[in-house]
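1. Give me coordinates for this.
(one chain, ligands or ions: 1)
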Amino acid sequence: MDRLLVVGGRPLVGSVRISGAKNSALKLQAAALLAEGRSVIRNVPRIQDCGTMAEVLDHLGAAVAWDGDTFVVDARDVRPRETPYELVSRMRASILVLGPLLARFGEAHVAMPGGCNIGSRKIDLHLRGLERMGATFHQEHGVLHAKANRLHGAVINLDYPSVGATENVMMAGVAARGTTVIENAAREPELADLAAFLTAMGARIHGIGTPTIEIEGVDGFRPVEHRVIPDRIEAGTFAIAACATRGRVVLEGARADHLDLVLSKLAEVGADILTTGDGLAISMDRRPRAVDLVTLPYPGFPTDLQPQMMALLAAADGTSIVTENVFESRFMFVDELNRMGADIRTEGHHAVIRGVERLSAAPVRALDIRAGAAMVIAALSADGVSVVEDMYHVDRGYEDLEGKLAGLGASVRRERALEPTRAGA
Ligand code: UD1
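-> Reported below is the predicted structural model:
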């Protein structure tokens, strides 16, 4: 497994270009399955997860190609083959092919995802929503088989504004007979990007960005060209890293309107924030102040920036309380931060962070994408040389993280894992 060597204590200074949003690009890749033709998606981050989604599409019979950050997919010859566990276990978002395949073929076969490092993540809301539209499911040998002679519109009230369930239902609803209404829908900016993509394909969707989405089903979708929105989580990660190292960073292409609460929390911590023509400038020249924060669905504070904020607050002046409301066990990385001298206690979904003067370098592990980013931030601000193991988690969601950090003056070096040698060889 690759590891990252990080020399701590250097401020990040300079400009960094924010890549396309992982959590949007993945859904657009899946949505391209709806059109019998060649769609072009620009500004797709070159990360492991988008590569895995490309493999899923290829497996289903699509012709896929990359040209830099442009992803081209011709879905003409797609068939509703089974998406195997090998791909779904690498990336849960593979289940997002369910909606588009049901919509186009009236059937889909997807291996059931297992648990993951941030808690047991269920798909019951996806399935209940699709069932209300006429789909039936049965599970055999770990594979979910879905069928629907013709999907029909329905009123679907989500118990929780799940991002994935809203997306799967929306991608099925665009081709259903009649009108589908999603109540208590997710409002994340990535959903608006998916709706824009589907609308360009010919779908009729209203109410995006509000809790009630209305979708009028249509027949036939045309392939499209589309540019993915910037990644607000990557932008937030660099903003937090700038603060943690008392640096000055320009986030080129970042959208302040997608980061409202994050920026106001960073301002509370002590950062100076300016919107520039094409992004944001963030700087901090003091020890962070302690703040309390609560993660919630958008427009609340994003759970995907919670670990990075904890790394920042670990060295704050005072005690912070962080409450995680989205995932049931997203504090597992706390033990790693404590190994770097942090003083964090967790109880249920609350964490009490007593700020220490400075973190001290240590060998630590990336436990998932965002926890890995948090460890890198902690290492950048710590005293000494840290080693972050298991960087493959981080590679799933961040495009060239160490290249971008090096461009900002960080001293980081990747050590590639040696290929395992065969016994006796
Ligand atoms: C997406 C993002 C992820 C982000 C999350 C919350 C992608 C690829 N991933 O994940 O980075 O952290 O939104 O902003 O876009 N739940 C159920 N039943 C369901 C579905 C969800 O109980 O059927 C629960 C989950 O266990 C979790 C919570 O709802 O506790 C949020 O999940 P959801 O909003 O669906 O997140 P994802 O779409 O999986």
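
2. Get me the contact residues on the stretch 251-400 of the chain for the ligand.
-> 303, 304, 326, 327 (Cβ under 6 Å from any ligand atom). Every residue, glycine included, has its C-beta placed from N, CA and C.

3. so which of these is the most crowded?
-> Neighbour count (other Cβ atoms under 10 Å) singles out residue 304 as the most crowded of those, with 23 neighbours.

4. Restricting to C-alpha, output stretch 301-315 in CSV.
-> Output of stretch 301-315 as CSV, limited to C-alpha atoms (Å, rounded to 0.1, in the frame of the first residue of the first chain):
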residue,chain,number,x,y,z
PHE,A,301,-22.1,21.4,7.5
PRO,A,302,-20.9,18.5,5.3
THR,A,303,-20.0,15.3,7.0
ASP,A,304,-17.3,14.9,4.3
LEU,A,305,-15.4,17.8,5.9
GLN,A,306,-15.9,16.7,9.5
PRO,A,307,-12.6,14.7,9.9
GLN,A,308,-10.6,17.5,8.3
MET,A,309,-12.2,20.1,10.7
MET,A,310,-11.3,17.8,13.6
ALA,A,311,-7.7,17.8,12.5
LEU,A,312,-7.8,21.6,12.5
LEU,A,313,-9.6,21.9,15.8
ALA,A,314,-7.2,19.4,17.5
ALA,A,315,-4.7,22.3,17.8
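
5. Identify all contacting residues around stretch 329-339.
-> In this structure, residues lying in contact with stretch 329-339 by Cβ atoms under 8 Å, 6 or more residues apart in numbering are 117-119, 303, 306-307, 310-311, 314, 324, 342, 344, 346, 349, 351, 359, 362, 364-365, 367-368, 371, 374-375, 378.

6. re earlier: could you redo the residues of the stretch 251-400 of the chain next to the ligand as CSV and give each row pLDDT?
-> Shown next, in CSV, are those (pLDDT from 0 to 100):
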residue, pLDDT
303, 98
304, 98
326, 95
327, 92
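
7. Pull out the buried members of the contacts of stretch 329-339.
-> By neighbour count, with 16 or more other Cβ atoms under 10 Å, the contacts of stretch 329-339 hold 118, 303, 306-307, 310-311, 314, 324, 342, 344, 346, 349, 351, 359, 362, 364-365, 367-368, 371, 374-375, 378 as buried.

8. Strands - which of the residues you listed land there?
-> 344, 346, 351, 364, 365 (DSSP state E).

9. so which pair among those is furthest apart in space?
-> Spanning the widest gap among those are 351 and 365, at 18.4 Å by Cβ to Cβ.

10. quick one: residue 39 is in a helix?
-> No: according to DSSP: H, G, I helix; E, B strand; the rest coil, residue 39 belongs to no helix; its state is strand.

11. How many residues are close by it?
-> 26.

12. Ok, residue 81 next?
-> 12.

13. Nearest spatial neighbour of it, chain-adjacent residues omitted?
-> Nearest residue to residue 81, sequence neighbours excluded (Cβ to Cβ, 6 or more residues apart in numbering): residue 60, at 5.6 Å.

14. can you tell me which residues contact the one you found?
-> By Cβ under 8 Å, 6+ apart, the neighbours of residue 60 are 33, 78, 79, 80, 81, 83, 97, 101.

15. Assess the claim that the fifth one and residue 59 are in contact.
-> Just to be clear, that refers to residue 81. Yes: judged on Cβ atoms under 8 Å, residue 81 makes contact with residue 59 at a distance of 6.7 Å.

16. Let me see the contact set for the residue lying closest to residue 235 once chain neighbours are set aside.
-> Of all residues not flanking residue 235 in the chain, residue 254 sits nearest, at 3.7 Å (Cβ to Cβ, 6+ apart). When contacts are counted by Cβ under 8 Å, 6+ apart, residue 254 touches 18, 230, 232, 235, 239, 279, 280.

17. Filter these down to the ones in helices?
-> 232, 235, 239 (DSSP state H).

18. As CSV, those with distance to the ligand and pLDDT would be great.
-> Below are the ones in helices among the contacts of residue 254 laid out as CSV (distance: Cβ to the nearest ligand atom, whole Å; pLDDT from 0 to 100):
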residue, distance to the ligand, pLDDT
232, 11, 98
235, 14, 98
239, 17, 98
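
19. can you tell me how far residue 35 sits from residue 110?
-> Taking Cβ to Cβ, to the nearest Å as the measure, residue 35 falls 20 Å from residue 110.

20. and what of residue 187?
-> According to Cβ to Cβ, residue 187 stands 26 Å off from residue 110.

21. Among those two, which residue is more densely surrounded?
-> Remark: of residue 187 and residue 110, residue 110 carries more neighbours, 24 against 19, as counted by other Cβ under 10 Å.

22. so what's the nearest residue to the more buried one once chain neighbours are set aside up against?
-> The spatially closest residue to residue 110, leaving aside those adjacent along the chain, is residue 83, at 4.5 Å (Cβ to Cβ, 6+ apart). The neighbours of residue 83, taking Cβ under 8 Å, 6+ apart as the test, are 56, 59, 60, 94, 97, 109, 110, 111.

23. For the closest residue to residue 355 other than its chain neighbours, give its distance to residue 54.
-> Spatially, and ignoring its direct neighbours in sequence, residue 355 is nearest to residue 316 (3.7 Å; Cβ to Cβ, 6+ apart). Remark: distance between residue 316 and residue 54 (Cβ to Cβ) = 41 Å.
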